[in-house]
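> Okay, sequence plus prediction incoming.
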Amino acid sequence: MKKIIFISGATASGKSSFVHSLIDNYFPKATIISADSMQVYKYMDIGSAKPSYDERLKYHYEMIDIVEPFINFNVKDYLDCFAKVLNSTKDIPIFVVGGTGFYIDSIKYGIFDDSSENKDDILKIRNELYRRIDIYGLDSLFYELLEVDEECANSIDRYNSRRVVRALEVYYATGRKFSELKKERKRAIDIEYRSYLIDIDREELYNNINSRVDIMFDNGLLDEVYRLIDMKVNISSTSMQAIGYKECYDYIVNKSMSYDELKDLIKKRTRNFAKRQLTWFRRSDEYIKIKPTKEYLDIVSKDIEVYYNNV
């Protein structure tokens with residue numbers, strides 16, 4: 001059984017920088033496993049805020065750039081890859097860093113068994129739901145999900161069509177709420193863990209998000225999306241559901257808004273997403289709340305040392 005340190009938090013809260021400082025000052029032999037559902041995709045560096053190539057080497061990053069952007073990579077795929085990486089690493093500590101709560105919970109608690117689902121029925125339901133999105137828009141399905149499974153609707157990105165469709169297809173195929181089925185999960189990976197949540201003031205977080213989006217555009221986010229379009233990565237791909245990519249795709253392909261409106265929309269949706277991330281993490285009392293400061297670096301480093309030395 002391996003021990004893991006989770007460092008979680010909303011996007012732009014300072015997770016990576018905090019862990020880098022922990023490794024620089026206290027744990028030079030550590031490994032970082034990414035828990036970000038978009039950083040797994042190749043060629044999507046700017047919009048997913050990946051660490052630089054040099055940082056990936058220096059801090060022993062894993063689970064980054066492991067799949068092509070036109071592949072629909074899901075939580076089962078992630079868990080399979082995660083288990084292999086975890087079993088192969090000898091480094092200590094093992095930091096799992098990211099803000100994809102669904103992936104993090106799947107590591108901790110497992111995923112529910114969907115083997116009883118009729119795949120043909122699921123496919124028919126899924127196709128019908130996507131047809132309705134084309135006709136009535138994604139909002140109509142999100143409000144439908146709110147009616148049948150409010151807990152699930154409030155925990156996912158309402159602009160991510162795959163998440164909304166998945167929750168509804170499970171409900172209509174099984175007659176049970178997605179949020180209820182999640183509570184029947186069984187852990188598939190044998191681990192012990194300690195969880196920290198970087199929890200900064202909302203105003204600071206929103207300022208960080210606005211600045212990050214500006215930097216992404218300065219660094220060439222639009223050019224990155226142009227390249228993905230040239231690679232024939234479709235808007236229906238999981239990779240293109242990420243905030244920033246789908247809006248840029250709409251701007252480029254459909255010419256649906258001005259450049260300034262595009263930036264403002266991405267900032268707004270990212271702020272809303274960060275709010276949902278914090279709601280997700282704060283619902284659990286197992287997280288130790290910390291700030292990305294020097295004081296907390298000292299506190300957390302001592303806590304981790306005690307944790308790993310406590311056999």
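Alright, I've got the coordinates.

> and residue 287, bridged to which residues?
Using DSSP bridges, the beta-bridge partners of residue 287 come out as residue 195.

> Report the mean confidence score over stretch 112-131.
Computed over stretch 112-131, the mean pLDDT rounds to 78.

> same deal with stretch 302-309?
For stretch 302-309, the per-residue pLDDT averages 96.

> how about that stretch: buried residues?
303, 304 (16 or more other Cβ atoms under 10 Å). (C-beta placed from N, C-alpha, C; glycine too.)

> Against residue 257, how distant is the residue positioned nearest the centre of the chain?
Centroid check for the chain by Cα atoms, centre = their mean gives residue 100 as the closest residue, at 2.6 Å. Going from residue 100 to residue 257 by Cβ to Cβ, to the nearest Å gives 27 Å.

> what does residue 249 give?
12 Å.

> the more surrounded of those two?
The residue with more neighbours, out of residue 249 and residue 257, is residue 249; 20 against 14, by other Cβ atoms under 10 Å.

> Look up which helix or strand the more buried one falls in, please.
Element membership of residue 249 [criterion: DSSP states H and E] is helix 245-249.

> Residue 111 is in contact with residue 76, correct?
Yes - between residue 76 and residue 111 there is a contact at 6.8 Å, judged by Cβ atoms under 8 Å.

> Please say which of those two ends up with more neighbours.
residue 111 (21 against 12).

> Who are the contact partners of the closest residue to that one other than its chain neighbours?
Ranked by Cβ to Cβ, 6 or more residues apart in numbering and with sequence neighbours excluded, the top spatial neighbour of residue 111 is residue 185, at 5.6 Å. By Cβ atoms under 8 Å, 6 or more residues apart in numbering, residue 185 lies in contact with 106, 109, 110, 111, 112.

> Spatially, and excluding backbone neighbours, which residue is closest to the first one.
Leaving out its chain neighbours, the residue that sits closest to residue 106 by Cβ to Cβ, 6+ apart is residue 75, at 5.1 Å.

> Next: residue 34.
residue 63 (4.4 Å).

> Might you report the residue contacts of the one you found?
33, 34, 35, 39, 40, 78, 81, 82, 85.

> so of those, which ones are in strands?
Counting by DSSP state E, the contacts of residue 63 place 33, 34 in strands.

> Most neighbours of all the contacts of residue 63, which one?
Counting by other Cβ under 10 Å, top hit in those: residue 34 with 28 neighbours.

> OK, contacts around that one?
Per Cβ under 8 Å, 6+ apart, neighbours of residue 34: 40, 61, 62, 63, 64, 97, 98.

> Identify the bridge partners of it.
residue 97.

> where's it relative to residue 183, distance?
For residue 34 relative to residue 183 (Cβ to Cβ), the value is 26 Å.

> Over to residue 203?
From residue 203 to residue 183 the distance is 34 Å (Cβ to Cβ).

> Please apply the same query to residue 24.
Taking Cβ to Cβ, one finds residue 24 at 39 Å from residue 183.

> try residue 253
40 Å.

> How about residue 23?
On the measure of Cβ to Cβ, residue 23 and residue 183 end up 35 Å apart.

> That's all I had, so thanks and see you.
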